[in-house]
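Enquirer: Give the three-dimensional model of this entry:
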Amino acid sequence: MQIKDRVFIVTGGASGLGEGTARMLAAQGGKVVIADMQVDRGETVAREIDGVFMRCDVTQEADGQAVVDKAVSLGKLAGLVNCAGIAPAEKTVGKNGAHNLALFSKTITVNLIGSFNMIRLAAAAMSANEPESTGERGVIISTASVAAYDGQIGQAAYAASKGGVVGMTLPIARDLARSGIRNMTIAPGIFGTPMLFGMPQEVQDALAAGVPFPSRLGRPEDYAKLVRHILDNDMLNGEVIRLDGAIRMAPK
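Expert: Here you go, the predicted model:
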């Protein structure tokens, strides 16, 4: 899938993995629509990459449709990269009793339902595209996590939400095959994002040391490199790629 002169939506594009992806796509000549709840940061990144920012709650149909409509107005919508998400931690039964049900529901709603909401809306728009020389009309990439496979203590909600993203990857790819739209998922390991940088330095160092090789935190640029390769390689479809330096998470 060609990047230059094509339009891409990046949810969660104001920071972390999404920001790294947005900057990569813009550097390759793409027009990027950043969809995020962080207005100030999103507008700043959009200015820096000559993109467009739209405030978007990915769980809301109207917000998602507005983002897709804006993207289509800018040119050929070729890709969606879902990076928006939350990562709360709470045990099934903790010191204060049972896991808060509202928190579990919110995590599923943002990470899983929000991803699907954007996928379905973007795919509907992409299906109207003139196909590329490869027959492609669009590429969708979502973000899961190694927690989908190696969920740690306190990650029931997060792991369930990311496991759902993993589980819907293949059936969505099969659904969209007739339209020439590929659907892929990346499952990152321990990455240096604002969420992780909020932890104490000794915790960050310990997490980095737990990665077999390379023994460091992943970087947004690492994620963006894989996004670029997925866009470029039209045989990648219906699969989840772990991007984790061979880490397998311990219980805690």
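Enquirer: ok, residue 75 - how many residues close by?
Expert: Applying other C-beta atoms under 10 Å, we find 12 residues neighbouring residue 75. No exception for glycine: its C-beta is placed from N, CA and C like everyone else's.
Enquirer: how about the nearest residue to it once chain neighbours are set aside, phi and psi?
Expert: With sequence-adjacent residues excluded and distances taken as C-beta to C-beta, 6 or more residues apart in numbering, residue 75 is closest to residue 7, at 4.7 Å. Backbone torsions of residue 7, given as degrees, to the nearest 10, read phi -110, psi 140.
Enquirer: Show me the beta-bridge partners of residue 7.
Expert: Beta-bridge partners for residue 7, by DSSP bridges, are residue 31, residue 77.
Enquirer: Poorly predicted segments of the stretch 1-150 of the chain, please.
Expert: The stretch 1-150 of the chain contains no residues with pLDDT under 70.
Enquirer: Helices along that one, start to end?
Expert: Using DSSP state H, counting those that start in this stretch, the helices of the stretch 1-150 of the chain run over residues 16-27, 39-49, 61-74, 101-108, 114-126, 147-150.
Enquirer: So which residues make contact with the second one?
Expert: If I follow you right, that is helix 39-49. For helix 39-49, the external contacting residues (C-beta atoms under 8 Å, 6 or more residues apart in numbering) are 13-15, 19, 22-23, 26-27, 32, 34, 36, 51-53, 55.
Enquirer: ok, which pair from the residues you listed is furthest apart?
Expert: 27 and 55 (24.2 Å; C-beta to C-beta).
Enquirer: Tell me who's in contact with the residue nearest to residue 75.
Expert: Counting by C-beta under 8 Å, 6+ apart, residue 7 makes contact with 30-33, 71-72, 74-78.
Enquirer: Are any of those buried, and if so which?
Expert: 30-33, 71-72, 76-78 (16 or more other C-beta atoms under 10 Å).
Enquirer: Scan the protein for its longest helix.
Expert: Secondary structure of the chain read by DSSP state H shows that its longest helix is helix 156-176.
Enquirer: Flag every buried residue along it.
Expert: Applying 16+ other C-beta under 10 Å to helix 156-176 flags 156-166, 168-169, 172-173, 176 as buried.
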